[in-house]
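A.B. asks: missing the sequence, but the structure's below:
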């Protein structure tokens, strides 16, 4: 691990990591909306910024160590994740890898698929966190982007216990270790990574799709889907224009917005996660898509395909993190490292089909293919082992960009440009 | 003055007190505080401060006037369609329902036993490009590959009509129910044919019901945010959805508050004009019931 730790972490925070505290200040902020009620007397709404402290890096690392040394295993934790992001058994509510975890560690898991978009989920938890309340989850999964940045800025995540990340440091891929958005993995460990590209149905369109420019084809009018979050939407338009989103300037944003406005009359709808069903049903012929979803939906509709657009696509990482006031942080920590064992990562990757953070899964898939007794199993594992969507090749990485990271204060211009496009 | 007399004099005020408290706590306080929020500036990290920044209103209007006007258009369309459907239904139940009246009303309310979102979702299922409606039209060669109902304004207005129809039927039914059949007999005794009797007797007597029905339908329909989200497409967003997103997703309270006030203002102006047109006596009469 690196010694680079954010300098501002107050003792109040450390104290408050598990103990909900209600100060006048947090009472003012309670629930966001009731804050509006109190605004009458206060004539302002308090911000959600952490108080910050004057502690040096060394001192607060001691605080973190102290915090973790005081934690006890409670035998349970709550996990909030996105839909279709966990292996499934015979029943949809049955998750073999979680069952195995419970068997081996004695820790039970309540698993909820409560997150369907980052901003909506953030909007839901922010008022609770700013009021100093527990959100009832010990692990949440957030994409590297504006919302994760918000959680960092507000000190709403518990710094991880680096001494309990043995599997992570042994098996994690370069992509997710020490990532640019969380140097030193202070707050996050990757769940899976994925690619934003184009999902399409060549049978309905009559030809293949190769890039974003195909999503300007008037023949596809009413059959094109785009995303309703400004990060993915803007990044796609910038890729289409040959701009690297991560290094884009405000004038690039305007160009991207113009591209999107030009495209708007052809767009059926700006979708959340529901685009995948619409594509499988045939309401959409070509749509912005997340790589793993298309792989999964091929079970319903084998015609579907996914392409990394020739102009470039976006690579992102969904991250496990522990929100402040979590009730079972140690149990959560144990699980977060547990999933980095290649055997467990394999169980997950075989079902989820996104980019696994554990490259050692690839030889495991190859071995399964070799040892498989039935032809169906052999084919499945061979496909998995060679899938560029689970194990992207260096040439693919060359075409993939990262999101633009903007601190919350600098997002006004960005939001004013892109929000009216998907809310039109 | 004796204590008893003071108490007597205060009694009526004490009796209306709960009503006043209700209004103040749940209407006046939220409205005034929202008004105050709408002119604040800041962001959710540093907090919002009162700066009497009125240009949020003009910014809100420039950014989202399309959605506001669209909501009014959809609201108007849905209300008119609701009226056209609801009046005959209410008339039939009130005059022909006989002993089945209450069963018929129950049937009308039956869909409310299933969640509103689930009912709207099933419309999405039926209207999809390969769903039962377009599938049937395509089999009859009435629809091509690009025929689409879902994610159009037709689907949104349709969903609004479907979801709010009972709110239109009930007030009209109540008004028609009160019409004494003897009045109709009297009309025909005076040589009015059925159409004239309806026009001169039933229709005027039912107008207060129609007035209430229009209010009860138009206001929630114009500010609805569910139908447009589930059934709508890339260019059918209604202002309710925008306000919801600004409040709960973008945490931009001033913009959301000013949009709410613009919507409220526009609706109030509309209602005022409408009340002037139909006469305020009827409104008061309706309110008194």
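C.D. replies: Alright, I've got the coordinates. Note that the structure is predicted; figures quoted are calculated from it, not measured. Residues are numbered from 1 along each chain as shown, chains lettered A, B, ... in the order given.

A.B. asks: Tell me, how many residues neighbour residue B:102?
C.D. replies: If you count neighbours by other Cβ atoms under 10 Å in any protein chain shown, residue B:102 ends up with 10. Where you see a C-beta, it was placed from the backbone N, CA and C, and this is true even at glycine.

A.B. asks: And for residue A:300, nearest residue in space, chain neighbours not counted?
C.D. replies: Distances taken as Cβ to Cβ, 6 or more residues apart in numbering or on different chains put residue A:280 closest to residue A:300, at 4.6 Å, once the chain neighbours are dropped.

A.B. asks: ditto for residue A:125
C.D. replies: Nearest to residue A:125 is residue A:135, by Cβ to Cβ, 6+ apart, at 4.8 Å.

A.B. asks: any idea how far the one you found is from residue B:59?
C.D. replies: Residue A:135 sits 32 Å away from residue B:59, going by Cβ to Cβ, to the nearest Å.

A.B. asks: So these two - more neighbours on which side?
C.D. replies: Between residue A:135 and residue B:59, residue A:135 has the larger neighbour count (other Cβ under 10 Å), namely 20 against 15.

A.B. asks: so what's the more buried one up against?
C.D. replies: Counting by Cβ atoms under 8 Å, 6 or more residues apart in numbering or on different chains, residue A:135 makes contact with A:125, A:128-129, A:323, A:325.

A.B. asks: Quick check: it is in a helix.
C.D. replies: No: counting by DSSP: H, G, I helix; E, B strand; the rest coil, residue A:135 is not part of a helix but coil.

A.B. asks: What lies in contact with whatever helix or strand residue A:365 lives in?
C.D. replies: Per DSSP states H and E: residue A:365 is located in helix A:361-371. Counting contacts by Cβ under 8 Å, 6+ apart, the residues outside helix A:361-371 that touch it are A:342-343, A:345-346, A:349-350, A:377-378, A:381-382, A:384-385, A:390-391.

A.B. asks: Just the buried residues from those residues, in ChimeraX please.
C.D. replies: Buried residues within the contacts of helix A:361-371, by 16 or more other Cβ atoms under 10 Å in any protein chain shown, are selected in ChimeraX with:
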select /A:342,345,346,349,350,381,382,384,385,390,391
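
A.B. asks: pLDDT value on residue 189, please?
C.D. replies: Going with chain A. Among the per-residue scores, residue A:189 shows a pLDDT of 98.

A.B. asks: Actually, chain B is the one I wanted.
C.D. replies: pLDDT, residue B:189: 90.

A.B. asks: where exactly do the strands run in the stretch 301-424 of chain A?
C.D. replies: For the stretch 301-424 of chain A, the strands identified by DSSP state E, counting those that start in this stretch occupy A:305-307, A:313-321, A:400-401, in order along the chain.

A.B. asks: Could you list the paired strands of the shortest one along with their orientation?
C.D. replies: With DSSP bridges as the criterion, the sheet partners recorded for strand A:400-401 are strand A:313-321 (parallel).

A.B. asks: residue contacts, residue B:164?
C.D. replies: Listed by Cβ under 8 Å, 6+ apart, the contact partners of residue B:164 are B:78, B:82, B:217, B:220-221.

A.B. asks: now with 10 Å?
C.D. replies: Residues near residue B:164 by Cβ atoms under 10 Å, 6 or more residues apart in numbering or on different chains: B:75, B:78-79, B:81-82, B:86, B:213, B:216-218, B:220-221, B:224, B:227.

A.B. asks: quick one: least confident helix or strand in chain A?
C.D. replies: Across the helices and strands of chain A, mean pLDDT, DSSP states H and E gives its lowest value to helix A:24-29, namely a mean of 38.

A.B. asks: can you put the strands of the stretch 301-424 of chain A in CSV and add mean pLDDT?
C.D. replies: Listed next are the strands of the stretch 301-424 of chain A as CSV, based on pLDDT from 0 to 100:
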stretch, mean pLDDT
strand A:305-307, 95
strand A:313-321, 96
strand A:400-401, 94
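
A.B. asks: and among these, the most buried is which?
C.D. replies: Of the strands of the stretch 301-424 of chain A, the one with the most neighbours on average (mean count of other Cβ atoms under 10 Å in any protein chain shown) is strand A:313-321, at a mean of 24.

A.B. asks: since we're on the closest residue to residue A:310 other than its chain neighbours, how many residues are nearby?
C.D. replies: Spatial nearest neighbour of residue A:310, excluding adjacent residues (Cβ to Cβ, 6+ apart): residue A:211 at 4.2 Å. Number of residues near residue A:211 (other Cβ under 10 Å) recorded here: 17.

A.B. asks: Which residue is the nearest non-sequential neighbour of residue 76?
C.D. replies: Let's take chain A. Nearest non-adjacent residue to residue A:76, counting by Cβ to Cβ, 6+ apart: residue A:108, 4.9 Å away.

A.B. asks: nope, chain B please
C.D. replies: residue B:218 is the one closest to residue B:76 (Cβ to Cβ, 6+ apart), at 7.2 Å.

A.B. asks: right, and that neighbour touches residue B:210 too?
C.D. replies: No: between residue B:218 and residue B:210 there is no contact under Cβ atoms under 10 Å: 11.8 Å.

A.B. asks: Overlap of the contact sets of those two?
C.D. replies: residue B:168.

A.B. asks: Can you name the residues of the stretch 101-250 of chain A that neighbour chain B?
C.D. replies: Residues of the stretch 101-250 of chain A found near chain B (Cβ under 10 Å from any Cβ of the partner chain) are A:117-124, A:126-127, A:130, A:147, A:150, A:153-154, A:204, A:219-226, A:228-230.

A.B. asks: So how do I select the buried members of those residues in ChimeraX?
C.D. replies: For the buried members of those, the matching ChimeraX selection, counting by 16+ other Cβ under 10 Å, is:
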select /A:117,118,119,120,121,122,123,126,127,130,147,150,153,154,204,220,222,223,224,225,226,228,229,230
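
A.B. asks: Mind checking which of the residues of the stretch 101-250 of chain A next to chain B land in strands?
C.D. replies: The strands, defined by DSSP state E, take in A:224-226 from these.

A.B. asks: chain center to the helix holding residue A:365, what's the gap?
C.D. replies: 27 Å (Cα atoms, centre = their mean, to the nearest Å).

A.B. asks: can you give me the helices in the stretch 201-350 of chain A?
C.D. replies: Counting by DSSP state H, counting those that start in this stretch, the segments of the stretch 201-350 of chain A that form helices are A:202-205, A:230-240, A:250-263, A:275-281, A:291-297, A:329-338, A:342-352.

A.B. asks: go on, chain B?
C.D. replies: B:3-23, B:29-38, B:55-96, B:101-109, B:116-127, B:132-139, B:153-177, B:181-189, B:194-197, B:203-222, B:227-231, B:239-244, B:253-278, B:280-288 (DSSP state H).
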